[in-house]
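[1] Provide a 3D model corresponding to the input given below.
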Amino acid sequence: ACRSAAIGCIECKRRLAAAIAEGMGTIHRRRDHFLSHPEEVRAIIEDGNIRAGRIAKATLAEVRDAMKIHHEL
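    Sure thing, here's the model as predicted:
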């Protein structure tokens, strides 16, 4: 490959561009899917918000317990 100067720079760049395009294909397909399914994106975000809220609530309970803060809000 390029280390031995067996191919020219243009050919090397073509191969690199093809490899990058192939690797990005999956990302582009997923992007296209989510662009055409906004309700799925909203559901994923909502689910993430619910899960994050549960984790945050548990973490805050641990912090309050560690700091001996026991008051009702």
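[2] all helices for the protein, in order.
    9-35, 38-66 (DSSP state H).
[3] comparing these, which gets the lowest mean pLDDT score?
    Least confidently modelled of the helices of the chain is helix 9-35, at a mean of 93 by mean pLDDT.
[4] ok, the most centrally placed residue in the chain - contacts?
    Centroid-nearest residue in the chain: Ile27, 10.5 Å away (criterion: CA atoms, centre = their mean). When the contact criterion is CB atoms under 8 Å, 6 or more residues apart in numbering, Ile27 has no partners at all. Every C-beta, even on glycine, is put in place using the N, C-alpha and C of the backbone.
[5] same thing with Ile45?
    Residues touching Ile45, when contacts are defined by CB under 8 Å, 6+ apart, are absent altogether.
[6] ok, Lys57 to Asn49 distance?
    Here Lys57 is placed at a distance of 12 Å from Asn49 (CB to CB, to the nearest Å).
[7] per-residue pLDDT, Met67?
    94.
[8] and the gap between it and Leu60?
    Noted for Met67: a distance of 10 Å to Leu60, by CB to CB.
[9] tell me, how many residues neighbour Ala43?
    Ala43 has 11 neighbours, counted by other CB atoms under 10 Å.
[10] one step back: quickly note the distance from the residue nearest to the centre of the chain to Ile20.
    Distance, Ile27 to Ile20, by CB to CB: 11 Å.
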